[in-house]
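K.L.:
The following comprises the amino acid sequence and a computationally predicted model.
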Amino acid sequence: MRIKFLFFTFLVLATISTNAQQSKAQIQAKNTYLPRPKLVVGLMVDQMRWDYLYRFYERYGNGGFKRMLNEGFSCENAYINYVPSVTGIGHATVYTGSVPAIHGITGNDWIIQATGQNMYCSADSTVSTVGSSSVSAGKMSPKNLLVTSMTDELRLATNFRSKVIAIASKDRGSIIPGGHSANAAYWYDGGSGNWITSTYYMKQLPAWLTKFNEQKYPEKYLKQDWNTLYPIETYLQSTKDDVPYEGKFPGMSTSTFPVKTSEMLSRGMGLLTSTPYGSSLTLDLAKAAVENEAMGADAITDFLAISVSSPDYIGHQFGPNSVEVEDTYLRLDRDLATFFSYLDTKVGKGNYTVFLTADHAAQHNAGFLNDNKISAGVFPSSSILKELNKQLEAEFKIKNIALSFSNYAVSFNYAVINANKLNEETIKKSTMEFLKKQEGVAFVVDIPNAQNATIPEVYKEKIINGYHPDRSGVIQIVLEPAWYSGSSPRSTGATHGTMNPADVHIPMVFMGWGIKQGKSNNSYNMTDIAPTISGILRIQEPNGNIGKAVNEAIK
C-alpha cells in the first residue's frame, strides 16, 4: 500500500511540474505581454513658443511638425503653471508631473536659503566627468531632484528591464528627464566637442559612443557655415536680417547671414550649439543610441528622452522675430522628418509613441515691440538690487541684506540677518514697499502668504507652485506684461522667466501608439504630460505628480 501511495504522489507531482512547464512555455509562445509601445520618445525643444507650430506652418514639410499635428493629438492651450519659466524647472515638471514646490528644482540655479550658497540644478561634486578631460563638465547628476520621473516609474514597473537613455546639449536637459535610474544621460561638452556623461551613470563611455565622438561631427558641421536653407527673401515671417535687436557672433561686424562658422573653429566646438547644427547633431546621436542600444527592439518598452537645446541659444541671441530663428525651425522640421522616418523603419510605424513640448517659450525683444508701438520694458534687476541694499543699509545699518533677485524672487542674507538679530518681517515690509515703486513692477508678493495676496488667482497658483521654502526667495516680483529682467530696453535677443503667455504657452503634441488624431482647445498644464504618458504605459505616475491625464488624446 505504501508503495502505491508513493507512486501516486510521484505521478501527481510530475503532472503538476509538467503543467507548470507547459504553462510557462505557453506564455512565452503566446508572448502575452501587456500592450505597450516598443519605444517612447520624449522630444523637448528648448525655448519653443507654441505659435511656432503655426507661424512657420506653411513652410514646414509633411514629415516633421506637420506630421505630428496631422497624425497626432495637439493640446492647443497648454501652459506652464508655476514661476519662473526656465529650462531646469521645465524639464523637471514635464517628466515628473510636478512643480518646484514638490520636485525641488526651483530654477536653473537657486539660493540655498539656510546658507546663502548658490546651487546649480544638476550639480553634484561627488561624481566625475566621463568622456572629457574637463573636470567640471561632468560633475553632474539628478541628485537635486526630490521626486521620481516617469522614466523612473517605467524602470520600476518593468523591474528595470526597460532601457532609459537621455540626450541633450545641455546637461540639465538630459540629466533631469533621465530621472534617478536612467541607464545613461549624455550631454555635449563644448570644450572637447564630445558627448560626455558622469560616473553617476558609468565608468566609461560605451564603445559605440566613443566611435561616434571620434567622427568629429561638430567640426564637420561647422565647416559647412550657416546660411539660410532657402533664399533669404522668402523669409516673410521675420524682420529684415540686419536689425539692432539681434546679437552678433564674436568677430562678426553684423548679425547677418551668412555666418562663417568655418572661420571660427579656433574659438572651439562650443559654437555648434548656437547654430541649427546643434539640433542636427543631437538627433544624429539619438539615432545612434536607438541603433546601438537596440532601443524598441523587443516587447519591453524603452524610453528615449531628447532635448534639443540649440533653439534656446539662438533665440537668446537673435529673438523670435529673426531670420535666424525661422531658419532654425525650418531646419529642425527637416531633421525631425528624417528622425521619424528612421523610427518608422527601425522600430516600426505605429510601434512608438512620441510627445513634443518645450521647457518654456520666449518673449519678444522689448526694443522690437517699442519700435512697433507696443508697450514693453526691461527691469534692470542688478541696479535695482544695489539701490535696495542702499535703502536697507540706511534703515538697518547693515550692508548687503538682500542677496539676489534670481528667479524673480528676493533672497535675503540670513547669515547677516541672524547675526545682527534683525527682524525679517520688518525687512520684508521695507523691501516690498521699495519694489512697488519701481517702474515695470505690477505686483510684489510675500510668497509664504501668497494665498492672501490681492492678485489674480492664476498668479497666486503659479507663485505657490514655484515656491520651495529651502530653495526659493520669499518675495515674488511680478512684472507688467511684456516686461522682463535685463540691462537695457535696447538689449539684443530675447529671454524668458515670467508669467507672460509669451513665456508660458507651450506646444503639447502626442503622436503614435495609443494616441488619437485630433486637437483640443481646452486648457492643460505642463504637469499633465507625465500622467498622460504614464496612463498610456499603464504604469504608476511619478510620486510627486499633481497633473491630470489628457484623456482626449488617449485611444
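P.N.:
Nice, I can see it.

K.L.:
Does Lys203 touch Thr129 like I think?
P.N.:
No. With contact defined as CB atoms under 8 Å, Lys203 does not count as touching Thr129 (11.5 Å). All C-beta spots, glycine's among them, are computed from the backbone N, C-alpha and C.

K.L.:
Leaving out chain neighbours, which residue sits closest to Leu39?
P.N.:
Excluding its sequence neighbours, the residue lying closest to Leu39 (CB to CB, 6 or more residues apart in numbering) is Gly296, at 3.3 Å.

K.L.:
Show the contacting residues for the one you found.
P.N.:
Counting by CB atoms under 8 Å, 6 or more residues apart in numbering, Gly296 makes contact with Lys38, Leu39, Val290, Asp302, Leu343, Lys346, Val347, Asn351, Tyr352.

K.L.:
Kindly report the same for Asp189.
P.N.:
Counting by CB under 8 Å, 6+ apart, Asp189 touches Gly131, Ser132, Ser134, Ala137, Gly138, Trp195, Ile196.

K.L.:
Quick one: residues contacting the first one.
P.N.:
Which is Gly131. Contact analysis of Gly131 by CB under 8 Å, 6+ apart lists Gly138, Asp189, Ser192, Asn194, Trp195, Ile196, Thr197, Leu205, Leu209, Thr210, Asn213.

K.L.:
what do you get for the third one?
P.N.:
Remark: with contacts taken as CB under 8 Å, 6+ apart, Ser134 is in contact with Asp189, Gly191, Ser192, Ile196.

K.L.:
does it count as helix, strand or coil?
P.N.:
Classification of Ser134 using DSSP: H, G, I helix; E, B strand; the rest coil returns coil.

K.L.:
now do the last one
P.N.:
Under the three-state scheme (three-state DSSP), the conformation of Ile196 reads as strand.

K.L.:
Show the model's pLDDT score for it.
P.N.:
On pLDDT, Ile196 comes in at 98.

K.L.:
Surely it touches Val135?
P.N.:
No. With contact defined as CB under 8 Å, Ile196 does not count as touching Val135 (11.7 Å).

K.L.:
how many other residues sit next to Ala419?
P.N.:
Neighbour count for Ala419, taken as other CB atoms under 10 Å: 10.

K.L.:
For Ser162, see how far away it is.
P.N.:
Separation of Ala419 from Ser162 (CB to CB, to the nearest Å) stands at 51 Å.

K.L.:
Let me know whether Asn413 touches Ile401 as I believe.
P.N.:
Yes. When contacts are counted by CB under 8 Å, Asn413 is listed as touching Ile401 (5.7 Å).

K.L.:
who's more crowded, those two?
P.N.:
Ile401 (23 against 20).

K.L.:
Contact partners for Met48?
P.N.:
By CB under 8 Å, 6+ apart, the contact set of Met48 is Pro311, Ala358, Ala361, Ile506, Pro507.

K.L.:
Please name the residues that touch the fourth one.
P.N.:
Put plainly, it is Ile506. By CB under 8 Å, 6+ apart, the residues touching Ile506 are Met48, Arg49, Trp50, Ala78, Tyr79, Ile80, Thr357, Ala358, Asp359, His360, Ala361, Met526.

K.L.:
what's the closest non-adjacent residue to it?
P.N.:
In space, and not counting its chain neighbours, Ile506 is closest to Ala358: 4.4 Å by CB to CB, 6+ apart.

K.L.:
ok, back up a step: which single one of the contacts of Gly296 is nearest to Glu393?
P.N.:
Nearest to Glu393 among the contacts of Gly296, counting by CB to CB, is Asp302 at 57.2 Å.

K.L.:
so how far is Gly296 from that closest one?
P.N.:
Asp302 is 6 Å from Gly296, by CB to CB.

K.L.:
do Ile175 as well
P.N.:
Applying CB to CB, the value for Ile175 to Gly296 is 22 Å.
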